[in-house]
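Engineer: only geometry, no sequence info:
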Ligand SMILES: Cc1ncc(C[n+]2csc(CCOP(=O)(O)OP(=O)(O)O)c2C)c(N)n1
């Protein structure tokens, strides 16, 4: 037993007069910096602080076609409170891979986070944010009262839609197009008495010869 | 049954009593060399175990049960040391701490249903702290999945949010590869817990497949080096900084980058602040070290963080316990952020100089680009002045009960520098981090991000086994625990006794759910709802009942002796320190407040 560890020594250390508790200038007496950050942790000029602008982004993820991958992606978005407008998933030309298309509405840092978090999922191969020019399509089935079949067919025509089912009581129209086209079509069909509608999320591909997926696995 | 090991006379009674003539059951301690010799893979389960062996796994912590029995049966033929824990939560914490100390993924096992759900806390803990853990769970047979079969839980669903990735094994021929992949993934890039769910029919099915070495998934390629242009720009910023601070997070330790990081700080004369998980990345007795920042960090670390003009953060995720209010976090500083996980860059605090890559490699890259060190002499002097202005100190009048800080210091003095400290969660955890001087990485083993009470004892068990297997049988392992935290997992003392593990538990017993009591006094007008005990067990006697050694300490003059005796005892021991119940943890930054406003006492909050 070494001498400095004797109980006597420890006890006298306890009574040591230099033990006074925490000291130092109080919070008010300390210098405080002027600078500030916003809620995204970005340094800002406090004078010109503005709410970060929300924008819509279309993200396309190439993923391994394995069970549970959609649950992983949707769970991630729910857990991290990302604001998603739509999420679709389907196979690609190669049956080993699927493509998830997501429309998110977030301020810039949120969109960046969404991309990076999605990229972190192990079955995800690559994530791309699509350009403005990307081809975007949604589909809606609109079931209206069957009272005015001719007018309904004419309106469907206006939106490049088709009557896909008709009975004496109800007519179902299919409309495919951009989100805006579909919104407009829905507005117009209101007057026939909408009974039910169903909509898909957005499917999107880069326009022209541009590839949608940043990269595919090498093999 | 020719070469059966017979229990030695010293073996504990339970084993010798179970010995009957003829078909004598043998515990895993009694397997002979021949039995653990490499055997051919015959089933999914033996392929799982072979995958672990191929990955170099030497230990696993777990609890048996129906759905995982085939895997345990295969472990019978393996030299992997299995430690049977009292509770699966203990298994996941032990595996976590084992991995932290050893620097490789720790392995835990559990059966389906309650076994798997009991692991969850430990997995969530490992996930928050980026600790590499591989969990193997039994599952009901494939054709019963989804039928609410006995002990069926959707383990994949339950653990998805708290694992880096998880796998449902669907094929006996590939199950070994999957386990190898999960092991490799746990330790690679930003580490984390992975899980493989093993339906019983898959582990029981025949296969001859040896899975070979553990390989990470093809889609997983963490970026190891930062973009050279970005490095150059960041190096310029560092050269030109006037008040630079290096902020070392747990990532520095995980990347085994402490040597590189230390050299960089010292060569360039840059003061170092660590995060709590980063404790040990830089020696706390070094002039440049300001210890750790955040809610209960040192005043000087919080001053430095508040006034720096360039924060060079390495391997940290800017947790809110570190930043306080983000709006006032390092408000004058540009931020260089080095991290292997791109998603951490600008997640909580915007990075002006993002550098994605391995901590050590990127620090080397930056160092190679530095043409001169920043001129920070005045700043260093300022930091030293803050150290003098805000010393870590506590009052210890001899007519008051023993102060917990004194106990921590007494242990530190009585033990070598490489001693491993584990903790529960609460005030005692803060005192253990504030009043112990950490000098080495992987000596501070605690629950940071999740803040899991009950982590300490099972972590000490994991740390002990890791140290032993690394050839450091003489290394000291201390668990500082709270009375509340200890009560959450103290059943693991039975394991420490059974395995004769040399650990010392120091219960800093304030007979309170102390940290909660402190908050109630500060923020809830002293209304101590559910934070006070009117009865607390006698932990020293409880320890003795478990078969460990126990001491009780009420006075200053008993402290050193009890420590001496507990350290000298070769086995698990518990010292129940009855500390001052009124003691509080300071400094303190209130949740969401500016770090620079740290309070030194309750009236400053
Ligand atoms: C599993 C769990 N439950 C609840 C909490 C909330 N909590 C944080 S600290 C604390 C008090 C801990 O008491 P004790 O272990 O006695 O330590 P002390 O603060 O008294 O040192 C509690 C209840 C927690 N962190 N973990």
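Structural biologist: Nice, I can see it. A quick note: this is a predicted structure, and the numbers were derived from the prediction, not measured.

Engineer: quick one, domains of chain A?
Structural biologist: Domains of chain A are assigned by the TED database as A:54-130, A:135-205.

Engineer: of those, which is nearest residue B:424?
Structural biologist: domain A:54-130 (27.2 Å; Cβ to Cβ). Quick note: C-beta positions are derived from backbone N, CA and C, even for glycine.

Engineer: so is the closest one next to chain B?
Structural biologist: Yes: if you take Cβ under 8 Å from any Cβ of the partner chain as the test, domain A:54-130 does meet chain B, through A:64, A:67-68, A:71-72, A:75, A:79, A:109, A:112-113, A:116-117, A:119-125.

Engineer: can you add mean neighbour count, mean pLDDT and distance to residue B:177 and give the domains of chain A back as JSON lines?
Structural biologist: Below are these laid out as JSON lines (neighbours: other Cβ atoms under 10 Å in any protein chain shown; pLDDT from 0 to 100; distance: least, Cβ to Cβ, whole Å):
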{"stretch": "domain A:54-130", "mean neighbour count": "17", "mean pLDDT": "95", "distance to residue B:177": "14"}
{"stretch": "domain A:135-205", "mean neighbour count": "16", "mean pLDDT": "96", "distance to residue B:177": "34"}
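
Engineer: thinking again about what came up before, okay, and which of the residues of domain A:54-130 next to chain B map to helices?
Structural biologist: A:71-72, A:75, A:79, A:109, A:112-113, A:116-117, A:119-120 (DSSP state H).

Engineer: let me have these in CSV, extended by distance to residue B:535.
Structural biologist: Below are these laid out as CSV (distance: Cβ to Cβ, whole Å):
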residue, distance to residue B:535
A:71, 46
A:72, 47
A:75, 43
A:79, 40
A:109, 51
A:112, 53
A:113, 48
A:116, 50
A:117, 47
A:119, 53
A:120, 48
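
Engineer: quick one on the thing from earlier: out of the domains of chain A, which gets nearest to residue B:396?
Structural biologist: Among the domains of chain A, domain A:54-130 sits nearest to residue B:396 (Cβ to Cβ), with 46.0 Å.

Engineer: span of the closest one from start to end?
Structural biologist: Taking Cα to Cα, to the nearest Å, domain A:54-130 runs 17 Å from one end to the other.

Engineer: how about stretch B:593-605?
Structural biologist: Span of stretch B:593-605 from end to end, Cα to Cα: 10 Å.

Engineer: list the buried ones in that stretch?
Structural biologist: Residues B:593-600, B:604-605 are the ones in stretch B:593-605 that count as buried (16 or more other Cβ atoms under 10 Å in any protein chain shown).

Engineer: so residue B:82 sits in a strand?
Structural biologist: Yes: counting by DSSP: H, G, I helix; E, B strand; the rest coil, residue B:82 is part of a strand.

Engineer: just give the closest residue to it, not the sequence neighbours.
Structural biologist: residue B:60 (5.1 Å; Cβ to Cβ, 6 or more residues apart in numbering or on different chains).

Engineer: which residues does that neighbour contact?
Structural biologist: B:52, B:75, B:80-83, B:95, B:107-109 (Cβ atoms under 8 Å, 6 or more residues apart in numbering or on different chains).

Engineer: doesn't residue A:22 make contact with residue B:601?
Structural biologist: Yes: contact criterion Cβ atoms under 8 Å: residue B:601 and residue A:22 qualify, at 6.9 Å.
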